[in-house]
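In: below is the sequence, then the predicted model.
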Amino acid sequence: MLFTDTLFTGIDLASGRKSITYAALDKGLHVIALADGSLDDVTAFLAGQSSAVTAVNAPSGLNRGLVRAKMKKETLTPIQIRKADLRAAEHELRQRGIMVARTHSTLSVCPAWMKAGFGLYRKLEKAGFTKYPETNEAYQVMETNPLAGFAALAGVVPLAKSSIEGRLQRQLILYECGLQIKDPMDVFEEITRYKISKGIWPAELLYSVEQLDALVAAYTAWMAVERREKTVSVGDAEEGQIMLPVAELKERY
């Protein structure tokens with residue numbers, strides 16, 4: 001990468017909310033931005049940078065039936081074949097125990113957040129973003145998956161992200177990766193018997209689920225450029241590959 005002022009961004013659409021959460025890191029892993037916005041807001045923010053590499057938590061395209069075609073050659077039940085309605089990348093992660101969402105082959109049956117993701121990729125392409133990796137391009141985009149990213153970094157499938165424990169775990173993983181974020185262990189210094197009895201929780205010390213997913217996506221973009229040899233992608237290039245911030249994946253999580 002020839003650009004020294006590249007911004008590494010992560011975009012989370014999978015929450016199902018109308019707004020999109022995005023995070024931006026500089027080369028030193030300082031958080032430059034952590035905010036919510038519309039598709040237009042996010043696209044404008046990225047296009048306004050002199051150089052940006054972004055990782056999106058959403059499929060980059062519909063599945064092309066590669067997994068189903070392979071399974072049809074085997075002796076499978078109709079239910080097993082129906083379950084094969086997913087992309088090769090998703091199939092590989094599920095085989096490893098990481099239960100990521102399935103991408104259907106028909107747009108109409110995809111959830112709203114996936115459709116928003118397809119729209120985002122189109123907007124970014126129009127804004128000049130090219131598909132990673134293009135070494136000398138100032139604007140690049142890739143697909144990632146936060147659940148798979150956290151699992152790969154931790155070596156285990158993380159706790160439910162809706163729980164306090166799951167958020168603590170994810171924030172600690174990012175903190176130990178070197179992101180300049182709040183130390184989640186400070187939460188325990190703020191917990192007292194009185195606060196627990198009153199239902200008072202130091203929520204300001206923890207990031208939201210959407211922010212954590214955006215941050216790990218931004219970290220994946222950073223790794224893809226700054227530590228490219230320590231990243232791995234799964235899936236078919238034409239159907240959509242998922243980039244993850246580790247050099248290799250375990251057989252099972």
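Out: Done, it's in.
In: helices along the stretch 51-200 of the chain, start to end?
Out: 66-72, 78-82, 88-95, 112-126, 146-154, 164-176, 186-190, 193-197 (DSSP state H, counting those that start in this stretch).
In: what's the most buried one of the ones you listed?
Out: helix 146-154 (a mean of 24; mean count of other C-beta atoms under 10 Å). For glycine as for every other residue, the C-beta is placed from the backbone atoms N, C-alpha and C.
In: can I get the CA coordinates of that one in CSV?
Out: This file holds the C-alpha atoms of helix 146-154, laid out as CSV (Å, rounded to 0.1, in the frame of the first residue of the first chain):
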residue,chain,number,x,y,z
PRO,A,146,-17.7,-10.1,12.8
LEU,A,147,-18.8,-13.4,14.4
ALA,A,148,-16.2,-15.3,12.4
GLY,A,149,-13.6,-12.6,13.1
PHE,A,150,-14.1,-12.7,16.9
ALA,A,151,-14.1,-16.5,16.8
ALA,A,152,-10.9,-16.7,14.8
LEU,A,153,-9.2,-14.2,17.1
ALA,A,154,-10.4,-15.9,20.3
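In: from the contact counts, what lies against that helix?
Out: helix 164-176, helix 209-226, strand 240-244 (3 or more C-beta pairs under 8 Å, 6 or more residues apart in numbering; DSSP states H and E).
In: how far does the helix or strand Asp41 falls within sit from its chain's centre?
Out: With secondary structure defined by DSSP states H and E, Asp41 is part of helix 39-47. Distance of helix 39-47 from the chain centroid (C-alpha atoms, centre = their mean, to the nearest Å) equals 18 Å.
In: if we can go back for a sec, least confident of the helices of the stretch 51-200 of the chain, on average?
Out: Among the helices of the stretch 51-200 of the chain, helix 78-82 carries the lowest mean pLDDT, at a mean of 69.
In: not counting sequence-adjacent ones, nearest residue to Ala217?
Out: Gly10 (2.7 Å; C-beta to C-beta, 6 or more residues apart in numbering).
In: my bad, should have said Gly61
Out: Per C-beta to C-beta, 6+ apart, closest to Gly61 is Gly240, 4.8 Å.
In: same thing with Tyr121?
Out: That would be Ser60: by C-beta to C-beta, 6+ apart, it lies 5.6 Å from Tyr121.
In: next one: Ala247
Out: Using C-beta to C-beta, 6+ apart, the nearest residue to Ala247 is Lys230, at 4.6 Å.
In: related to what we said a few turns ago, reformat the helices and strands packed on helix 146-154 as TSV; add distance to Ala127.
Out: Below are these laid out as TSV (distance: least, C-beta to C-beta, whole Å):
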stretch	distance to Ala127
helix 164-176	27
helix 209-226	16
strand 240-244	20
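In: tell me which of those lies nearest to Asp26.
Out: Comparison of these against Asp26 by C-beta to C-beta identifies helix 209-226 as nearest, at 9.0 Å.
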